[in-house]
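Novice: Sequence first, predicted coordinates after that:
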Amino acid sequence: MAALGRSLARAAREGAKAAALGLGRRIAHRAAEGRGPVARFSTIPGTKAVPLGSIGPIGPDRLPVYVDWNKFGAVTPVQDQGNCGGCWAFSCTALIEAANFFSTKKLLKLSEQHLIDANDLRNYGCDGGSIGEGLDYVVKNGGQLLEKDYPYVGVQCPAKRITAFGVTIDGYETFQGLNEIALKMLVASGPVAATVGVDESFLDYQYSGVGKVLDGHNYSLEEMRRLENQLSILIIGYGETIFGEKFWLVKSSHGGELMLIARENGKAGGAFGIANHLRVVHKNSANGLVTVKTDKDMGVSPRVQSCVKSHFSQLPFIEFLLSSLVSPHCVQSCVTALHP
């Protein structure tokens, strides 16, 4: 395992931006703790080896040639968010579910509705928000409830003041402006939340392009900050098709199926800027009873959001992904805020 840690650290140094952020040290540390890809080969209770087809053999870059954390058992099924622009809550929740799985060996379905209702001053419910703010909320609240205790309804409602079993996290890390080599190292160690820039081809793919590898513009971090349309996703693996097309395996919250996004296509930041804004979660603390508290309950100051109408408002198939809604006259959206 020490050799794996040294290999990952050496690979991280090959990506200058990753090394600058200490990514190599982080992955080496995860490997030393037994949380790297090789350490997970026999971590599912009742099995003698990694589930078939979930982690490939180690390649020349000292990483698995393919990874599928969905087949491994670390990812809950895709849930369609409907007309609620809460992609930030779905990505945040899926990331915590995976972190909890690797910590406890149990896959629990958590409540997006808990975040949509209670993270109400720093995020905007069904009107868009930030994965980072959602993770901040879970840390401050002391955890996130299960879906069965706080089910999804697809609209923002007054927070339910209930206490029930929930999942905790200890913190998270944000990585900006990475390359796809660094992203591959992160995904080899577990699912990664990402924010991508989207266009009509991306939106159309979620409903009619399943099974194909989707390529797109490599939005820079600055371009993404100016974009009206961004989407929060969870990267749950990578691989290559029988035709030699490299892809990222992506869980979104639309359409009900996993997506394949082009990988290592020579574009800085990757297709749709997939490597530009990433988050991973740390979890070591035990789970237990969690009481739902709102941002206001915890004395959190609000974040300002403006309403901007979109020229896409006449296209019903992408209404959920348009610019921010403050008044009921604005189009519902899934705008993800890019900030620390």
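Specialist: It's in.
Novice: Just checking, which helix or strand of the protein averages the lowest pLDDT?
Specialist: helix 16-20 (a mean of 40; mean pLDDT, DSSP states H and E).
Novice: Could you pull out the strands in the stretch 51-200 of the chain for me?
Specialist: Counting by DSSP state E, counting those that start in this stretch, the stretch 51-200 of the chain has these strands, from start to end: 67-68, 144-145, 163-167, 171-176, 192-197.
Novice: possible to save those as CSV with mean pLDDT?
Specialist: Below are the strands of the stretch 51-200 of the chain laid out as CSV (pLDDT from 0 to 100):
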stretch, mean pLDDT
strand 67-68, 97
strand 144-145, 98
strand 163-167, 98
strand 171-176, 96
strand 192-197, 96
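Novice: Can you say which of those is nearest to residue 107?
Specialist: The closest of the strands of the stretch 51-200 of the chain to residue 107 is strand 163-167. By C-beta to C-beta, the value is 11.0 Å. Bear in mind the C-beta positions are built from the backbone N, C-alpha and C, glycine included.
Novice: So which bits of that closest one are buried?
Specialist: For strand 163-167, burial by neighbour count (16 or more other C-beta atoms under 10 Å) applies to 164, 166, 167.
Novice: List of residues touching it?
Specialist: Residues from elsewhere that reach strand 163-167 (C-beta atoms under 8 Å, 6 or more residues apart in numbering): 96-97, 100, 108, 110, 142-146, 149-150, 287-292.
Novice: could you check the distance from the nearest residue to residue 289 once chain neighbours are set aside over to residue 113?
Specialist: Counting by C-beta to C-beta, 6 or more residues apart in numbering, residue 289 lies nearest to residue 163, which is 5.7 Å off, once chain neighbours are set aside. For residue 163, the distance to residue 113 (C-beta to C-beta, to the nearest Å) stands at 16 Å.
Novice: From start to finish, how long is stretch 214-222 in a straight line?
Specialist: Terminal residues of stretch 214-222 are spaced 22 Å apart (C-alpha to C-alpha, to the nearest Å).
Novice: mind checking how far that stretch is from the chain centre?
Specialist: Remark: stretch 214-222 is offset 17 Å from the chain centroid, using C-alpha atoms, centre = their mean, to the nearest Å.
Novice: Show the contacting residues for residue 247.
Specialist: Contacts of residue 247 by C-beta under 8 Å, 6+ apart are 213, 238, 239, 240, 241, 260, 261, 262, 263.
Novice: which ones are touching residue 89?
Specialist: With contacts defined as C-beta under 8 Å, 6+ apart, residue 89 is in contact with 112, 115, 116, 119, 123, 129, 134.
Novice: Which of those fall within helices?
Specialist: Those of these mapping onto helices are 112, 115, 116, 134, per DSSP state H.
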